[in-house]
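Engineer: fold the following.
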Amino acid sequence: MSVLAVLDPAVAVAHAVVAAVAHLVPTALAIVLFTVAVRLALHPLARAAARGEKARARLAPKVTALQHKHRDRPEKLREAMAEMYRKEQVSPFAGCLPVLVQIPFFSVMYRLFTTPNDLLDHTLFGVPLGLHVTGAHGAGQWAVFGVLFAGLAAVGVVNFRRARRATAAAATATATATTAKAPAQPGAGLLPYLSFGSVLFAALVPVAAVLYLLTTGVWSAAERAWLHRDGTPVPAASMMG
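Structural biologist: Below you'll find the predicted structure:
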């Protein structure tokens, strides 16, 4: 039995809501509307996460400077950082909890759209919502998958560019704070490429889940652009969701 089976009661509720909406509009559109409605309900958490990201971005140069200053004295570093966060009235984990709270919803949606159910018997422009890309045949079905994957790729490009800018800004801030060239963090150069993870993941799930990934991806990209419209760099690692 899947470990995600513990989510089945919540999945049943989500299924009932989507099915009810599907009586009024096509099922594919019901999935989009349900995803948008839940993301809208989670928007306050996203705002809290954005505040935390901005706080961490603002303090990043100070953190780097302290790490450079006390690099040989771990205990002194911990004390200095604790004092800095206290004075700034910022938690070092600011923004993390809101992101974690969103994970159960994403897990429920994944479970709903990857477990066989009657919703997946409906179609999107003639393509069954339960169909995987590996089972596509005919120009019509390939065209639908092509549009969905192109949409995911476009969202990935937007997030990739933003992540590259954030990585460059962080490197500049580090160099400024330490007045020296700091060694690159392991794997930092690869983080922006995680923006395309949803494209790869979409190859493993049916159309319904791909539609969900595209909807939530577009929402996330637009939401980040709105919440960070003041130009505050978004940490690259936080841009993959």
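Engineer: give me the element Phe160 is part of.
Structural biologist: Per DSSP states H and E, Phe160 falls inside helix 138-178.
Engineer: tell me what that helix is packed against?
Structural biologist: With contacts defined as 3 or more CB pairs under 8 Å, 6 or more residues apart in numbering; DSSP states H and E, helix 138-178 has these neighbours: helix 43-69, strand 127-128, helix 197-202, helix 207-227. For glycine as for every other residue, the C-beta is placed from the backbone atoms N, C-alpha and C.
Engineer: mind running it again at 7 Å?
Structural biologist: In terms of contacts (3 or more CB pairs under 7 Å, 6 or more residues apart in numbering; DSSP states H and E), helix 138-178 is packed against helix 43-69, helix 197-202, helix 207-227.
Engineer: of all those, which one is nearest Val18?
Structural biologist: Val18 lies closest to helix 207-227 among the helices and strands packed on helix 138-178, at 9.4 Å (CB to CB).
Engineer: ok, and what's touching the closest one?
Structural biologist: 28, 31-32, 35-36, 39, 46-47, 50, 109-110, 113-114, 119-120, 124, 127-131, 148, 151-152, 155, 158-159, 198, 201-202, 234, 239, 241 (CB atoms under 7 Å, 6 or more residues apart in numbering).
Engineer: narrow those residues to just the buried residues.
Structural biologist: Applying 16 or more other CB atoms under 10 Å to the contacts of helix 207-227, the neighbour count classes 28, 31-32, 35, 39, 46, 50, 109-110, 113-114, 119-120, 124, 127-131, 148, 151-152, 155, 158-159, 198, 202, 234, 239, 241 as buried.
Engineer: low pLDDT regions in this protein?
Structural biologist: 1-4, 92, 94-95, 97-98, 167-189, 230-241 (pLDDT under 70).
Engineer: go again with 90.
Structural biologist: Low-confidence segments of the chain (pLDDT under 90): 1-8, 41-107, 109-111, 113-116, 159-198, 201, 220, 224-241.
Engineer: rewinding a little: deepest-packed of the helices and strands packed on helix 138-178, please.
Structural biologist: Highest mean neighbour count of the helices and strands packed on helix 138-178: helix 207-227, a mean of 20 (counted as mean count of other CB atoms under 10 Å).
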